[in-house]
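Q: Give the three-dimensional model of this entry:
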Amino acid sequence: MTALTSTTHLAFLSVVGLALGLVGDFALGSLPASAAGYGLVYAAGGLPVALRAGRALLRERLFDIDLLMILAAIAAAAVGEVRDGAILLVLFSVAGALQSYAMGRARRAIEALMALRPVVAHRVEPDGRVIDVPVAELRPGDRVAVRPGERVPVDGAVESGESHIDEASVTGEPIPVAKKPGAPVFEATVNLHGVLHVLVTASAEDSTVARMIRLVMEAQAAKAPSERFSAWFGRRYTIGVLTGAIAAFLALLAFGLGAQDALYRAATLLVAASPCAIVISVPAAVLSALSAAARGGVLFKGGAALETLGSVSTFAFDKTGTLTQGRPEVVALHLGAGVDRAEALRLFAGLETHSEHPVADAIRRLATGDGIQPERVTDVRVVVGEGIVGAAGDAQAVWAGTGRLAARFEASAASLGLAAPEAGSSRVLLGRGRDVFAAIDVADRVRPTARAALDALRRAGVGRIAMLTGDHPDVARAVAGALGIDAGLARGGLLPGQKVDQIAALRGSGPIAFVGDGVNDAGALARADIGIAMGAAGSEVALQAADVALLSEDLGRLPLAYALARRTNAIIRQNLIFAIGAMLALVFATLFFALPLPLAVIGHEGGTLIVVANGLRLLADPLGRRQRKPGTHLHPTAEAGPAGPLAPGRDPATPPGAGERTA
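A: I've put the predicted structure just below:
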């Protein structure tokens with residue numbers, strides 16, 4: 001029997017007992033019937049409370065709220081108000097069951113995540129046979145088959161096959177992701193169509209989902225500063241309430257009130273002054289927010305990180321891989337008069353096949369995407385810092401590189417009539433001997449979601465946004481201009497240690513968050529008040545280095561997480577103000593207006609349930625607003641908007657006219 005089921009059953013028995021007691025009192029006029037009913041209430045609703053209070057007092061020397069409730073019920077019975085004591089225990093039991101259920105909702109996110117994990121995998125044996133084995137038996141190096149509609153059993157990399165995978169359970173991203181050979185896949189994500197053969201790269205206990213579960217459980221166990229304060233306050237305040245109730249009893253006797261009335265008033269004071277709502281108000285909000293964030297692909301390492309993020313006034317971003325996509329892409333193709341696009345790309349790809357430079361990789365990807373086979377280039381030599389030279393089909397040398405390499409061949413790009421490349425981009429010229437007949441501009445493009453995310457942060461109240469990068473200052477200024485970042489806050493040419501110094505300088509005006517990739521920005525992530533790792537799914541380093549981990553590479557999650565943190569802080573303040581105010585009102589009414597015990601109980605338990613319900617509003621998943629309609633997914637050939645190699649209006653797939661720039 002689970003704790004929640006046990007609590008629910010006991011609360012139900014308490015309600016039944018109270019009903020029997022009230023029927024015996026008012027309908028039958030039967031003392032035995034009412035005594036039996038109220039006895040059941042004290043047994044089902046009071047005995048478990050007394051045992052908990054006794055264990056806390058004897059084992060931990062802890063005066064808790066259970067002790068206040070049981071003493072109040074005993075005091076009511078002692079002065080002949082058994083019915084009022086029974087009402088207290090019933091409402092306390094029912095409220096406890098409702099709180100257990102409500103708080104359980106915040107914890108059931110973990111159970112739901114665990115339920116997504118496959119149990120059986122189709123392992124491909126060396127002889128080609130496919131056998132079903134428990135996922136726990138899989139080890140790195142094994143190969144598994146994932147059929148359409150199935151969940152990926154472990155973290156791995158696609159060896160063969162193509163498909164789209166729904167990764168919402170891990171990254172929170174609703175758009176399915178195209179997977180081809182070499183692409184990573186994560187446990188518990190759904191293969192939508194096509195058979196994939198996956199090479200296992202991590203065992204089940206080390207998968208991304210397993211690490212997520214451990215991190216969320218640790219986060220829910222770690223207490224936020226306000227949560228620690230409410231627990232500290234509640235324990236010490238309980239002693240104060242007991243002392244105050246005794247003092248009130250003695251004072252009421254001194255003022256001439258009868259012993260029975262004074263004891264009843266003191267018992268009511270125990271209930272009215274109980275800090276239940278104060279103690280539960282913070283964890284109700286924090287646990288709900290942590291669970292909502294985890295469902296949306298954002299992991300907070302505890303309530304402290306959540307509260308601190310909500311107080312941040314400055315955000316600093318790494319550039320490469322955070323605000324930009326992290327790898328160069330072709331952004332423009334320029335062709336000379338009469339030059340065939342396919343011919344130019346074939347020669348470009350043939351030369352760049354011999355280079356491992358990121359710019360060469362971008363050119364090869366463009367040619368591959370157009371279905372163009374590289375031309376065979378021989379006698380290849382690399383001119384360091386300038387480009388690559390070879391021979392292809394005739395006596396003239398073919399080359400691809402910078403203007404300095406063109407100067408070696410006494411060649412000029414003037415015949416193309418090109419303006420200077422855009423800030424932040426690099427231009428690669430293609431020539432044959434002294435003739436330059438094509439050029440490609442390559443840049444590490446800004447993420448499609450970056451500008452909207454930064455604008456959303458500004459609207460949410462972030463005062464300053466800075467960019468810290470090791471890239472050239474000119475590139476930093478160009479990217480900052482595209483994103484609306486103040487040029488004075490875009491610092492380029494920084495070494496890792498200098499990033500840490502910049503973080504320290506920016507902290508002077510308030511708490512600062514740093515957003516990076518969690519690997520080469522570890523120092524800056526640690527120095528900031530809050531370190532946020534971007535695109536951390538599958539990265540152990542990223543998950544461990546930061547206080548907050550965005551599992552997907554969608555920057556749009558960041559302002560939603562920031563808004564959630566601010567909303568959590570606001571709800572915590574609301575709960576504490578309401579809980580303290582309600583408690584003071586009940587105490588005042590008890591001392592000066594002889595508030596009846598049942599009304600004190602209703603006010604106390606009602607206030608507790610109100611703050612719990614207010615905290616549970618955060619479970620509405622504010623990070624999942626952009627969910628796609630059920631059952632929809634991308635067509636296998638579709639691309640996710642501007643995330644392809646070229647932005648709208650700059651598509652090299654459309655052959656330009658002679659001498660025309662594609663821009």
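Q: Tell me where the stretch 101-250 of the chain has helices.
A: Here the stretch 101-250 of the chain has its helices, by DSSP state H, counting those that start in this stretch, at 168-171, 208-221, 225-254.
Q: residues touching L138, list them.
A: L138 makes contact with A121, R123, V144, P153, V154, V200, S203, A204 under the criterion C-beta atoms under 8 Å, 6 or more residues apart in numbering. In this view, the C-beta of every residue, glycine as well, is placed from N, C-alpha and C.
Q: Let's have those in a markdown table, adding pLDDT.
A: Listed next are the contacts of L138 as a markdown table, based on pLDDT from 0 to 100:
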| residue | pLDDT |
| --- | --- |
| A121 | 92 |
| R123 | 93 |
| V144 | 95 |
| P153 | 92 |
| V154 | 90 |
| V200 | 93 |
| S203 | 86 |
| A204 | 84 |
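Q: Just put those residues in CSV and tack on neighbour count and distance to A362.
A: Below are the contacts of L138 laid out as CSV (neighbours: other C-beta atoms under 10 Å; distance: C-beta to C-beta, whole Å):
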residue, neighbour count, distance to A362
A121, 26, 36
R123, 20, 37
V144, 23, 32
P153, 28, 34
V154, 31, 32
V200, 22, 31
S203, 17, 35
A204, 22, 37
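Q: What is the nearest of those to L416?
A: V200 (49.8 Å; C-beta to C-beta).
Q: D142 is in contact with that closest one, correct?
A: Yes - V200 is in contact with D142 according to C-beta atoms under 8 Å; the separation is 4.4 Å.
Q: Helix or strand for L457, just tell me which one.
A: helix 450-459 (DSSP states H and E).
Q: what comes up buried for that helix?
A: Across helix 450-459, burial judged by 16 or more other C-beta atoms under 10 Å covers A450, R451, A453, L454, A456, L457.
Q: And stretch 77-85, by the same measure?
A: A77, V79, E81, V82, R83, D84, G85.
Q: can you tell me how far the third one sits from A273?
A: Pointing back at E81 there. 19 Å (C-beta to C-beta, to the nearest Å).
Q: Mind giving me the packing neighbours of the helix holding L457?
A: Other helices and strands packing on helix 450-459, by 3 or more C-beta pairs under 8 Å, 6 or more residues apart in numbering; DSSP states H and E, are strand 464-468, helix 473-483, helix 557-593.
Q: Please write out the alpha-carbon positions of the second one in PDB.
A: Yep, that's helix 473-483 we're talking about. Below are the C-alpha coordinates for helix 473-483, written out as PDB (Å, rounded to 0.1, in the frame of the first residue of the first chain):
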ATOM      1  CA  PRO A 473      35.700  41.500 -32.300                       C
ATOM      2  CA  ASP A 474      34.500  42.400 -35.800                       C
ATOM      3  CA  VAL A 475      32.500  39.200 -35.900                       C
ATOM      4  CA  ALA A 476      31.200  39.800 -32.400                       C
ATOM      5  CA  ARG A 477      29.900  43.300 -33.400                       C
ATOM      6  CA  ALA A 478      28.200  41.900 -36.500                       C
ATOM      7  CA  VAL A 479      26.400  39.200 -34.500                       C
ATOM      8  CA  ALA A 480      25.500  41.700 -31.800                       C
ATOM      9  CA  GLY A 481      24.000  44.000 -34.400                       C
ATOM     10  CA  ALA A 482      21.900  41.200 -35.800                       C
ATOM     11  CA  LEU A 483      20.600  40.400 -32.400                       C
END
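Q: residue furthest from the geometric center of this structure?
A: G256 (60.9 Å; C-alpha atoms, centre = their mean).
Q: So V49, which state does it fall into?
A: State at V49, reduced to three classes by DSSP: H, G, I helix; E, B strand; the rest coil: helix.
Q: Can you tell me how far it is from V279?
A: As judged by C-beta to C-beta, V49 and V279 stand 16 Å apart.
Q: And the residue nearest the centre of this protein?
A: Central residue of the chain (C-alpha atoms, centre = their mean): V298, 0.7 Å from the mean position.
Q: hmm, back to that, tell me which entries of the contacts of L138 lie within strands.
A: A121, R123, V144, V200 (DSSP state E).
Q: and the residues you listed as TSV, adding distance to E307?
A: Shown next, in TSV, are these (distance: C-beta to C-beta, whole Å):
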residue	distance to E307
A121	40
R123	45
V144	42
V200	39
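Q: still on that earlier bit, tell me the one of the contacts of L138 nearest R129?
A: Relative to R129, the closest of the contacts of L138 is R123; by C-beta to C-beta it sits at 9.0 Å.
Q: What's opposite the nearest residue to the closest one once chain neighbours are set aside in the beta bridge?
A: Among residues not flanking R123 along the chain, V133 sits closest, at 4.9 Å (C-beta to C-beta, 6 or more residues apart in numbering). When bridges are taken as DSSP bridges, the partners of V133 come out as A121.
Q: ok, how many other residues are close to V133?
A: Residues near V133, counting by other C-beta atoms under 10 Å, number 15.
Q: quick one: it and A204, what's the gap?
A: Remark: distance between V133 and A204 (C-beta to C-beta) = 11 Å.
Q: same check, this time on L47
A: In this view, L47 and A204 are 43 Å apart by C-beta to C-beta.
Q: cool, and A72?
A: Noted for A72: a distance of 50 Å to A204, by C-beta to C-beta.
Q: got it, and V436?
A: Per C-beta to C-beta, V436 is found 56 Å from A204.
Q: Equivalent analysis for A188, please.
A: 11 Å.
Q: where do the contact lists of those two overlap?
A: Counting by C-beta under 8 Å, 6+ apart, the shared contacts of A188 and A204 are R117.
Q: rewinding a little: just grab the bridge partners of the residue nearest to the centre of the chain for me.
A: As for beta bridges, V298 partners with L550 under DSSP bridges.
Q: isn't it right next to S552, touching?
A: No - here V298 does not reach S552: they are 9.0 Å apart, not a contact under C-beta under 8 Å.
Q: on that earlier part again, okay, the buried residues of helix 450-459 in a markdown table with distance to A526 and pLDDT next?
A: Formatted as a markdown table, the buried residues of helix 450-459 follow (distance: C-beta to C-beta, whole Å; pLDDT from 0 to 100):
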| residue | distance to A526 | pLDDT |
| --- | --- | --- |
| A450 | 24 | 91 |
| R451 | 28 | 93 |
| A453 | 23 | 93 |
| L454 | 23 | 95 |
| A456 | 26 | 93 |
| L457 | 22 | 94 |
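Q: now the helix or strand containing L405: mean pLDDT?
A: In this structure, L405 sits in helix 403-408 according to DSSP H and E. Here helix 403-408 scores 88 as its mean pLDDT.
Q: relative to helix 473-483, how tilted is the helix or strand just after that helix?
A: Once helix 403-408 ends, the next helix or strand along the chain (criterion: DSSP H and E) is strand 425-432. With axes from the mean of the first three to the mean of the last three C-alpha atoms, to 10 degrees applied, the angle from strand 425-432 to helix 473-483 works out at 120 degrees.
Q: any idea which helix or strand of the chain has the worst average confidence?
A: One helix or strand of the chain scores below all others by mean pLDDT, DSSP states H and E: helix 540-545, with a mean of 63.
Q: contacting residues around V475?
A: V475 touches K319, A423, G424, T469, G492, counting by C-beta under 8 Å, 6+ apart.
Q: make it 7 Å
A: V475 makes contact with G424, G492, according to C-beta atoms under 7 Å, 6 or more residues apart in numbering.
Q: Low-confidence stretches in the stretch 101-250 of the chain?
A: Residue ranges of the stretch 101-250 of the chain with pLDDT under 70: 101-113, 169, 171-175, 212, 215-235.
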